[in-house]
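Chemist: Sharing a sequence plus its predicted fold:
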Amino acid sequence: MDAPAPVAVILAAGKSTRMKSAIPKVLHEVCGRPMIDHVLDAVRKAGAERTIVVVGHEAEQVKSSLSHHADVEFALQSEQNGTGHAVMMCADQLANHNGPVLILAGDTPLLQAESLIGLLDDQKTNQAACVIGTAKTQANKGLGRIVRDSAGEFVKIVEEKDANPEEQTIQEINTGCFAFDCQSMLAALKELKPDNSQAEYYLTDCPKILKGDGKPVIAACRFDIEEAIGVNTRVQLAEVIRVLQNKHLEYLMTEVGVTIISPEKTSIDPAATIGQDTVIYPFTSISGAAEIGENCKIGPHVAIHGPINIEDGTVIGPFETI
C-alpha cells in the first residue's frame, strides 16, 4: 500500500509590522505573484496534495487571494500565540492523516522543491517523528542554533537569547522548515506549554518533546541559507525579487540563447518567455507572462507588460511602452 501523500501546513497569520504595510506580508508580490504562491509551487512539486494555510491578520484578504487554489484549505489563528499554537489550529484537519506533514512559513518564496523532497526522504528513511530542516551560515545572528552531540546527533534547538557563548558560535541554524510524522506531531502539540518570555507556544519545542518520548528526531542540513530566510522587510523583499530575476536571466542566457546586454540594468519577470537569439538592451523591463519570439531586438528603455505575444523578428525601439 502506498504511503499517504504529504500534507503541507503554511504559516501565514502574521502581521506586516516590519514591512510597514497594511497588506498582509504573504501577499506582497514577488515577480508579479504573492510571495506565498511561490511557496505553494514548491510544496506541490514536493508531492503535497493538500495544503492548509493558517491565516490570522487580515484573514479574509489572504483567503480571497488564494481562493482559486483548489488544493488549499484554511485554518484560523484568531490570536497569534506562537508557531506551535498556529499548527494547533490545524489539528482537526490533520486528525485522520497518517503520513508526513511539512510545516513551512508563507514568507519564504525562494524555497526549492528539491530541498523539501530531501526533507521528506529523510523523514521516511529514518522513520523519524520529526526532521528539522537546517542550513549553515556565518550570518547566524538572531537565529536558532542546532546543537549536536559529539556523535553529530541532534540534541536541541537553542534560541540566541538562551545560547551560551559556545552555542552562539554554532553556524548550523534552524530554518523553520520541518517534516513531521503527523500523529507524532499532534501528540507533541498537546504537551506544549507557553513557559517562555513571550508566553507563546513554540513549534520548536516539539522536537525536544518527541526526543524525550524516545522517538527519532534528526536535523538535516537540506537548505541553502538563501532559500530558507523569510521576508520581513522591504529590503529583504527587494533582495528576493532580484534573486529570482537573476536566476531567470541566467536561464535565458545559458539555456535558451538570449543575449542580455546588461543584466544588472534589466528586469525580466520569470513568467516571461523569450526566444533564441533575441537581444535585450539595457533599461528594459518585461513584466507578466509576455511571450517574445526569436531574433527580436528589444530596447533600450522599453517597458513590456504581459500577457502579450511578440512575433519572431520584431524590433521594439527605445522608450516604447507596450
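Modeler: Alright, I've got the coordinates.

Chemist: By mean pLDDT, point me to the weakest helix or strand of this structure.
Modeler: In the chain, the helix or strand scored least confidently by mean pLDDT, DSSP states H and E is helix 225-228, which has a mean of 88.

Chemist: CA-only coordinates of that one in CSV, if you can.
Modeler: C-alpha atoms of helix 225-228 as CSV (Å, rounded to 0.1, in the frame of the first residue of the first chain):
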residue,chain,number,x,y,z
ILE,A,225,20.5,29.8,3.7
GLU,A,226,19.3,32.0,0.8
GLU,A,227,16.2,29.9,0.2
ALA,A,228,15.3,29.5,3.9
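
Chemist: ok, and for that helix, which residues are buried?
Modeler: Neighbour-count burial for helix 225-228, counted by 16 or more other Cβ atoms under 10 Å, picks out 225, 227, 228. All C-beta atoms are positioned from the backbone trio N, CA, C, and that covers glycine.

Chemist: Can you tell me the closest non-neighbouring residue to the last one?
Modeler: Translated: residue 228. residue 175 (3.7 Å; Cβ to Cβ, 6 or more residues apart in numbering).

Chemist: who touches the helix of greatest length in the chain?
Modeler: Longest helix in the chain, counting residues (DSSP state H): helix 234-251. Helix 234-251 has contacts (Cβ atoms under 8 Å, 6 or more residues apart in numbering) with 19-20, 28, 30-31, 35, 38, 109-110, 226, 229-231, 260, 263, 266-270, 272.

Chemist: Out of these, which end up buried?
Modeler: Among the contacts of helix 234-251, those classed as buried by neighbour count (16+ other Cβ under 10 Å) are 19, 28, 30-31, 35, 38, 109-110, 229-231, 260, 263, 266-270, 272.

Chemist: Next one: the nearest residue to residue 56 once chain neighbours are set aside from residue 270, what distance?
Modeler: In space, and not counting its chain neighbours, residue 56 is closest to residue 13: 2.9 Å by Cβ to Cβ, 6+ apart. Residue 13 is 27 Å from residue 270, where distance means Cβ to Cβ, to the nearest Å.

Chemist: what does residue 19 give?
Modeler: Look at residue 19 and residue 270: by Cβ to Cβ, they are 22 Å apart.

Chemist: you'd agree residue 15 is up against residue 25?
Modeler: Yes. Assessed by Cβ atoms under 8 Å, residue 15 is found in contact with residue 25 at 7.3 Å.

Chemist: List the buried residues of the longest helix of the chain.
Modeler: Buried residues in helix 234-251, counted by 16+ other Cβ under 10 Å: 237, 240, 241, 243, 244, 245, 248, 249.

Chemist: Average pLDDT for that helix, rounded please.
Modeler: For helix 234-251, mean pLDDT rounds to 93.

Chemist: Good, wrapping up.
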